[in-house]
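# Sequence plus predicted model, see below.
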Amino acid sequence: MTGGRFRLGAAVGLTALLSACAVGPDFHRPEPPAVSHYSMDTDPTVTTSAAGTAQRFAPGAAVAADWWRLFNSEKLGALIDQAIAANPSLEAAQQSLRQSQDNLRAGYGIFFPWLGADFAAERQKFSPLTVGSTAPGPLYNLFTLSGTISYPLDIFGGERRAVEGLAAQVDVERATELATYLTLSANIVDTVIAKAAYRAEIDATQQLIVLQGQQVELAKIQARAGTVPYSTVLSLESLLASYEATIPQLQQKLTQSDDLLATLVGRTPAEWTPPEISLADLALPGDLPVSLPSDLVHQRPDILVAEATAHAASAGVGVATAAMLPSVALSGTYGTNSTAMNNLFSSAGHFWSFGADVTAPLFEGGKLWFQRKAAIDAYRQAMALYRQTVLSAFAQVADTLRALDHDAAALQAQEKALKTAEEALHLVQANYAAGLATYLEVLTADAQYYQAKINDLETIAVRYQDTVALFTALGGGWWNAERGGVTAAAPTAD
């Protein structure tokens with residue numbers, strides 16, 4: 001009895017030992033690039049002051065989960081809240097995450113015994129010839145009730161690698177949901193900024209057209225009086241037509257912005273009217289966080305997708321390796337049968353069986369071998385794509401930091417041009433009032449001023465959008481959603 005217990009304990013211990021190992025590589029999170037900054041030389045710390053704001057970069061500072069609220073627009077915040085609640089793409093990403101989570105829960109079933117029950121009722125005829133008799137074969141009913149239990153021994157860890165792959169797929173879908181959330185919020189802010197700029201440009205261009213029209217009429221009078229050649233009229237009319245041609249283009253872009261916003265909030269353009277938000281309603285954030293390079297690889301959703309994809313591919317190597325090795329399953333059956341239902345539970349009809357099934361692939365024509373090689377190739381591909389994703393992410397942050405610095409310098413120059421055009425206009429108006437300048441010179445100065453104003457508006461919009469691009473490049477701050485003070489968080493699936 002003691003020896004039997006020892007043999008049973010040794011068998012259980014051996015099974016546990018074998019089950020503790022799993023073939024295939026163990027996935028380890030890749031190390032981030034060994035750099036302390038993003039740009040080739042050093043990262044900028046502050047931009048040139050333009051439009052009264054110099055943006056300052058704070059390395060290592062926390063990125064707010066609701067970063068769009070830094071633009072200080074309640075209408076913008078309400079618009080994004082509405083989109084988060086109703087955007088179909090975000091809902092699809094959430095459902096895809098739930099699907100992967102349910103697949104993982106289903107995969108855990110491999111670690112539990114499988115129980116089954118069976119009941120069969122048959123009408124049979126026995127053939128006496130099978131026992132060497134020529135007597136007529138009897139007819140009878142046979143009722144069978146049985147239960148079966150089976151348990152696959154995951155000796156080489158193939159099933160555990162399969163579940164590991166399912167867990168990695170959950171990580172893929174979770175990061176995809178975060179990426180969808182980040183893209184949605186960034187697209188809304190970008191579209192609101194673009195729409196506000198289009199509206200401001202339309203207003204400025206319409207004023208420019210009025211002035212240019214007056215200039216054309218004045219030139220016609222002068223041409224009839226013989227003081228200017230008629231070619232001057234034609235040149236001014238051509239310039240006026242080019243200004244007029246920009247209005248439909250801007251109006252089309254404005255309409256497209258409205259339609260895009262409607263789509264982003266889950267509505268059709270016919271049933272939803274977007275809020276009016278002007279550039280004056282938005283405040284440019286002055287203090288901008290910049291995540292450390294060592295943190296960026298754990299924050300950006302696209303990097304997390306690439307990492308989880310590589311993890312799933314790593315688990316696939318283990319699954320393919322285990323498929324080449326023997327598999328063992330324990331099974332047992334207990335039941336009873338009888339020729340009459342009322343005797344079904346009689347002890348005379350009881351039967352049982354217990355055993356182990358060992359299956360080993362011997363020759364598959366190279367199928368399993370090359371499936372494993374294909375799994376290894378897929379893993380190496382996933383790791384290469386991960387490295388490429390990291391490189392692209394670091395380059396995007398570097399580009400955005402420099403872009404903000406250049407945007408401020410460009411806006412400063414545009415402000416100078418606008419101020420100069422405004423001063424020139426005032427001077428020409430004063431000279432006209434004093435009889436020292438013609439009205440044509442006044443109109444020309446007006447046109448130059450409004451053209452400078454349009455250029456200034458475009459530069460302001462680019463600066464705002466590049467600020468959005470920085471928050472996007474840093475990952476959007478979703479990891480800070482549960483901390484105090486955060487009023488909006490990335491949605492998560494249960």
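Here it is on my side, so go on.
# would you list every one of the strands in the stretch 51-200 of the chain?
Taking DSSP state E, counting those that start in this stretch, the strands of the stretch 51-200 of the chain run over residues 56-59, 114-125, 139-153.
# Figure out which of those is closest to Pro289.
strand 56-59 (5.4 Å; Cβ to Cβ). Yep, even glycine has a C-beta here, placed from its N, CA and C like the rest.
# and Phe351, what does it touch?
146, 333-337 (Cβ atoms under 8 Å, 6 or more residues apart in numbering).
# repeat for Phe354
330-333.
# Three-state assignment for it, please.
Secondary structure for Phe354, judged by DSSP: H, G, I helix; E, B strand; the rest coil, is strand.
# So Leu236 sits against Gln212, correct?
Yes: under the criterion of Cβ atoms under 8 Å, Leu236 is in contact with Gln212, at a separation of 7.1 Å.
# Name the nearest residue to Pro136, ignoring sequence neighbours.
Nearest residue to Pro136, sequence neighbours excluded (Cβ to Cβ, 6 or more residues apart in numbering): Pro128, at 7.6 Å.
# So what does Gln55 have for phi and psi?
According to degrees, to the nearest 10, the main-chain angles of Gln55 amount to phi -80, psi 130.
# That one and Glu423, how far apart?
Gln55 sits 27 Å away from Glu423 when distances are taken as Cβ to Cβ, to the nearest Å.
# and those two? which has more neighbours close in?
Comparing Gln55 with Glu423 by other Cβ atoms under 10 Å, the one with more neighbours is Gln55, at 24 against 12.
# need the contact list for that one.
Neighbours of Gln55 in contact, by Cβ under 8 Å, 6+ apart: 46-47, 284-288, 404, 408, 467.
# Repeat that for Ala393.
When the contact criterion is Cβ under 8 Å, 6+ apart, the partners of Ala393 are 296-297, 300, 302-303, 473.
# So, low pLDDT: which residues of the chain?
Low-confidence segments of the chain, defined by pLDDT under 70, are located at 1-20, 482-494.
# all helices of it, in order?
For the chain, the helices defined by DSSP state H occupy 2-19, 74-86, 88-107, 158-225, 230-264, 293-296, 301-322, 367-433, 439-473.
# Show me what the second one is in contact with.
When you say that, I think you mean helix 74-86. Where contact means Cβ under 8 Å, 6+ apart, the residues beyond helix 74-86 that reach it are 66, 68-69, 90, 181, 184-185, 188-189, 192, 261, 264-267, 274-275, 277, 281-282, 488, 491.
# Okay, buried residues for stretch 360-378 please.
368, 371-372, 375-376, 378 (16 or more other Cβ atoms under 10 Å).
# Was I right to think Ala93 contacts Val172?
No: with contact defined as Cβ under 8 Å, Ala93 does not count as touching Val172 (11.1 Å).
# who has more neighbours, the two?
A side-by-side neighbour count of Ala93 and Val172, using other Cβ under 10 Å, places Ala93 first with 24 against 21.
# Next one: that one from Thr176, what distance?
From Ala93 over to Thr176 (counting by Cβ to Cβ), the distance is 6 Å.
# what would the strands of the stretch 51-200 of the chain look like in CSV with mean neighbour count and distance to Ile80?
Formatted as CSV, the strands of the stretch 51-200 of the chain follow (neighbours: other Cβ atoms under 10 Å; distance: least, Cβ to Cβ, whole Å):
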stretch, mean neighbour count, distance to Ile80
strand 56-59, 14, 24
strand 114-125, 10, 48
strand 139-153, 15, 49
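# so what's the most centrally placed residue in the chain up against?
For the chain, Ala179 is the residue whose C-alpha lies nearest the centre (Cα atoms, centre = their mean; 2.1 Å). Shown here is Ala179, whose contacts under the criterion Cβ under 8 Å, 6+ apart are 301-302, 305.
# from those, which is closest to Met40?
Met40 lies nearest to Asp302 out of the contacts of Ala179, by Cβ to Cβ, at 22.7 Å.
# who's in contact with that closest one?
175, 179, 389, 393.
# if you set the cut-off to 7 Å instead, what comes out?
Contacts for Asp302 were tallied using Cβ atoms under 7 Å, 6 or more residues apart in numbering; they are 179, 389, 393.
# measure Asp423 to Tyr449 for me?
One correction, residue 423 is Glu, not Asp. Distance from Glu423 to Tyr449, counting by Cβ to Cβ: 9 Å.
# scratch that, Thr321 is what I was asking about
Relative to Tyr449, Thr321 is positioned 73 Å away (Cβ to Cβ).
# likewise Ala186?
Taking Cβ to Cβ, one finds Ala186 at 34 Å from Tyr449.
# Which one of the two is surrounded by more residues?
Tyr449 (24 against 20).
# Now do the same contact list for the spatially closest residue to the more buried one that is not a sequence neighbour.
Counting by Cβ to Cβ, 6+ apart, the nearest residue to Tyr449 once its immediate chain neighbours are dropped is Ala421, at 4.2 Å. Contact partners of Ala421, counting by Cβ under 7 Å, 6+ apart, are 448-449, 452.
# mind redoing it with 10 Å?
Ala421 makes contact with 445-453, 455-456 under the criterion Cβ atoms under 10 Å, 6 or more residues apart in numbering.
# With Thr467 instead?
55, 67, 70-71, 189, 193, 282, 284-285, 288, 400, 403-404, 407.
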